[in-house]
Each structure stands twice: as structure tokens, then as C-alpha cells.
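Peer 1: here are the coordinates; sequence isn't available:
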Ligand SMILES: Cc1cc2nc3c(=O)[nH]c(=O)nc-3n(C[C@H](O)[C@H](O)[C@H](O)COP(=O)(O)O)c2cc1C
């Protein structure tokens, strides 16, 4: 088989794959779907399959009567544009979880490739200095009082709308009161390692 060496070769190979029809798979999908199983996937299977997915990296911060906290999260998503809403999922064992619930506000700071050290600091494993230390980066304060990271890819300052129990985590739904785009290249995370985008198509 000829090795694929150029971007044009990759495009051609992708194009060929598009036209390869797997008839067994098509037959399987035309059969009626079985009743959904009652149990859960094996935890190990779930964790390793999820580790293979790719995510952006964010630091969720909060400040208020319950104190100032930050935590690195990959579980962040846009929910709605009208009104603007996002969600984040935080492990209920993290002190940041109780603080977001009590402060009723949080900020989502989307990290750039230059902010990998901030991800490590707020994941409790700083290269140097203290874990969860805001002195490791430059911050300003958003309208809700939550710390907002300078030079982030983007920031979403949120008022807490609702919190949902979801197994080991709490899903926090936030109404976005201020959104800012800072530019730069977003930090990625997959296979328990950071990644740097090198090609967008
Ligand atoms: C890239 C990355 C993504 C993470 N995503 C989440 C997340 O979405 N939600 C969460 O609760 N913790 C997440 N964590 C874990 C927390 O940041 C943090 O490591 C953990 O709460 C630390 O707990 P410990 O100090 O008790 O070990 C993530 C960590 C990393 C490095």
C-alpha cells in the first residue's frame, strides 16, 4: 500500500472512505431497535472511552460569601443563545462545588495554549507554587464578582440559574451576564494529555 505523505493524499483517502458502504451496518440499522438495556456501562469502559474524546480546557471560578475557588474542568458546554446559557459539571467533592452553589455565580474561563500551567494549578497539581493559587495568573473581576482570567480565549460570567444532581457531579446551569472573546489558540485535552491545535480545515 502506498504510504500517505501529503495533505492531498489524506484528502483523497478520506474521499474514498466516504464512498465505501458497509452493507452489514446498513442492514443492522434497518432492523427494529431493541429495548434499551436497564443497567450501566462498565465504569472502566466508560472512563477510557471518555478519555479518548477531545475537549477544551476551562477554569471555573467563583467568589462571594462562600469564598473564592477555581477548578479546571473539561465538562463545559453552550446550552442556549436565547437567553445565553452555559453548563459546567463539577465533582461534588470539590470545594468549588459548594462554593458555586452558595455564591450563586461563576465564571467560565476558556484556556489558551499559553495557559497550560493555569490548568495544572486549578487541577491541584501545579508545576511550582501552591495548588488552586490565583497568584499563578493575571485576573480581573467580572460583573458577578467571579475572577476573570486575562488573556483567556473567552470568558463567560454567569449567574447560577439551576443546579442538578448528576451522580458524582453537579450540573450547574448559568445565565451568561457577560461574554468576552480574547483570541488565541485553545488548549485541548485528550488521552489524559494536553494538545495543541496545529491544523484547522
Ligand atoms: C483537563 C482536566 C479536566 C478536568 N475536568 C473536570 C471536570 O469537568 N469536572 C470536575 O469536577 N473535575 C475536572 N477535573 C478535575 C479537577 O480539575 C481537579 O483535578 C480535581 O477536582 C482535584 O481533586 P483533588 O485535588 O481532590 O485530586 C479536570 C482535570 C483536568 C486536568
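Peer 2: Great, that's in hand. The structure displayed is predicted, hence computed values, not measured ones.
Peer 1: Which helix or strand lies directly C-terminal to the helix or strand of the chain with the lowest mean pLDDT?
Peer 2: Using mean pLDDT, DSSP states H and E, the weakest-scoring helix or strand in the chain turns out to be helix 7-19, at a mean of 56. Next along the chain after helix 7-19, taking DSSP states H and E as the criterion, comes helix 23-30.
Peer 1: Could you tell me which residues of this structure lie near the ligand?
Peer 2: Residues of the chain lying near the ligand by Cβ under 6 Å from any ligand atom: 57, 71-75, 89-91, 94, 119, 123-124, 169, 189. For the C-beta atoms, the positions are set from N, CA and C on the backbone; glycine is no exception.
Peer 1: go again using 8 Å as the cut-off
Peer 2: Residues of the chain found near the ligand (Cβ under 8 Å from any ligand atom) are 55, 57, 71-76, 88-91, 93-94, 96-97, 119-120, 122-125, 131, 169, 189, 194.
Peer 1: Got the confidence number for the residue nearest in space to the middle of the chain?
Peer 2: Residue closest to the average C-alpha location in the chain (Cα atoms, centre = their mean): residue 74, at 2.6 Å. On pLDDT, residue 74 comes in at 98.
Peer 1: wait, it sits on residue 55?
Peer 2: Yes - look at residue 74 against residue 55 with Cβ atoms under 8 Å: they come within range, at 3.7 Å.
Peer 1: Now do the shared contacts for those two.
Peer 2: Listed contacts common to residue 74 and residue 55 are residue 189; contacts here mean Cβ atoms under 8 Å, 6 or more residues apart in numbering.
Peer 1: check contacts around the residue nearest to residue 121 when sequence neighbours are not counted.
Peer 2: Of all residues not flanking residue 121 in the chain, residue 136 sits nearest, at 4.5 Å (Cβ to Cβ, 6 or more residues apart in numbering). Contact partners of residue 136, counting by Cβ under 8 Å, 6+ apart, are 117, 118, 121, 126, 129.
Peer 1: Can you tell me which of the residues you listed are buried?
Peer 2: Neighbour-count burial (16 or more other Cβ atoms under 10 Å) applied to the contacts of residue 136 gives 118, 121, 126.
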